[in-house]
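1. Here is a sequence together with a model predicted from it:
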Amino acid sequence: MMGKQDIFQLDFAYLETFSKRTETTWGSLFCNENQPSYYDANHAHVSDAYDNPQAIIDEVVAFYESRQLIPRFYLYNLDSLQNLIASLKENQFGYEELISPVQLWDKKTIEKDQNENVTIEIVTEENYEDTLLIECSIKEFGGKEVREKAFEEEFNHPSFVHYLLRYKGVACATACLFINEMQARLESVATLEEYRGKGLIGELIRYIQKEAVKQEVDNLWVFPIDEKIENVYRKYGFQSVEKRTTGHAFLGGKSITEIRG
């Protein structure tokens with residue numbers, strides 16, 4: 001199994017598909033000026049303690065404000081970053097802590113007859129718009145402002161395969177598989193509100209698990225946004241291996257908690 005540092009590297013590989021990473025003496029800066037509202041594309045990543053937290057803050061603020069972007073931090077290993085967190089609050093940053101479960105598939109495929117009303121297809125140029133409409137409707141993804149550009153970048157990147165589920169011919173659910181060095185993660189799982197509660201996500205998850213087996217990936221991961229979603233994935237063989245507490249500091253705009261509702 002991958003260790004914590006390996007999981008971080010998988011995170012970085014994912015982020016680098018839509019954001020440019022710049023290494024610093026204290027961490028990393030991620031930036032995509034074409035996606036100013038996409039938080040994951042524009043943030044400083046800090047996981048280790050540093051002697052001069054104000055110097056980090058000044059560097060990050062100057063970096064993002066020079067690009068007309070809101071300065072944001074994602075913080076890890078919070079026990080070692082208390083001085084930085086205190087300094088961020090003194091500099092008028094908003095601050096929240098998010099609990100993020102990490103789940104790993106047990107590689108046991110559930111044999112079940114597929115719902116005769118369900119078809120699943122790989123996303124191509126022909127069904128691109130159908131998929132985009134679903135993803136832009138999901139507020140947790142940031143809505144159309146964020147997802148329209150992000151989906152385009154993912155669609156054109158070789159590490160992503162997107163899937164579209166139709167129920168009785170109607171496009172109503174999506175998900176994608178991101179693969180990096182034989183590690184895979186399930187992303188962008190979404191269902192139109194009026195089609196929830198029909199077991200469609202289960203159909204899609206089982207299909208993608210079989211695709212992961214065909215791709216011969218070493219592991220299939222998922223990073224649910226909360227414990228409720230964590231319990232959903234648990235039904236499909238995803239075992240919880242860790243709960244990460246991430247700090248999010250921001251000098252303007254909405255918190256992630258507000259966006260998720």
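-> Thanks, I have it.
2. Tell me where the longest helix sits in the chain.
-> Ranked by residue count and defined by DSSP state H, the top helix of the chain is helix 200-215.
3. helices or strands up against that one?
-> Helices and strands touching helix 200-215, by 3 or more CB pairs under 8 Å, 6 or more residues apart in numbering; DSSP states H and E, are strand 118-122, strand 160-167, strand 170-180, strand 183-191. (C-beta placed from N, C-alpha, C; glycine too.)
4. could you redo the last one with a cut-off of 10 Å?
-> strand 94-105, strand 118-122, strand 160-167, strand 170-180, strand 183-191, strand 219-222, helix 227-234 (3 or more CB pairs under 10 Å, 6 or more residues apart in numbering; DSSP states H and E).
5. Adjacent strands (with direction) for the longest one?
-> When you say that, I think you mean strand 94-105. strand 219-222 (antiparallel), strand 238-250 (antiparallel) (DSSP bridges).
6. Go through the helix or strand of the chain with the lowest mean pLDDT and flag the buried ones.
-> Lowest on mean pLDDT, DSSP states H and E among the helices and strands of the chain sits helix 4-15, with a mean of 81. For helix 4-15, a neighbour-count test (16 or more other CB atoms under 10 Å) marks 7, 10-11, 13-15 as buried.
7. what's the spacing between Leu165 and Glu140?
-> To Glu140, Leu165 is 18 Å away according to CB to CB, to the nearest Å.
8. Which one's more surrounded, these two?
-> A direct count of neighbours by other CB atoms under 10 Å for Leu165 and Glu140 places Leu165 higher, at 24 against 13.
9. I'd say Arg67 and Gln35 touch.
-> No - using CB atoms under 10 Å, Arg67 is not in contact with Gln35, being 11.5 Å away.
10. Can you check which residues contact both of the two?
-> The contact sets of Arg67 and Gln35 overlap at Asn42 (CB atoms under 10 Å, 6 or more residues apart in numbering).
11. Compare the two and say which is more crowded by neighbours.
-> Taking neighbours as other CB under 10 Å, Arg67 and Gln35 compare with Gln35 leading, 21 against 12.
12. Name all residues that make contact with the nearest residue to that one once chain neighbours are set aside.
-> Computed as CB to CB, 6 or more residues apart in numbering, the closest residue to Gln35 that is not its neighbour in sequence is Ala41, at 4.4 Å. Going by CB under 10 Å, 6+ apart, Ala41 touches 15, 18-20, 30-35, 69, 146, 149-150, 153.
13. Much appreciated, bye for now.
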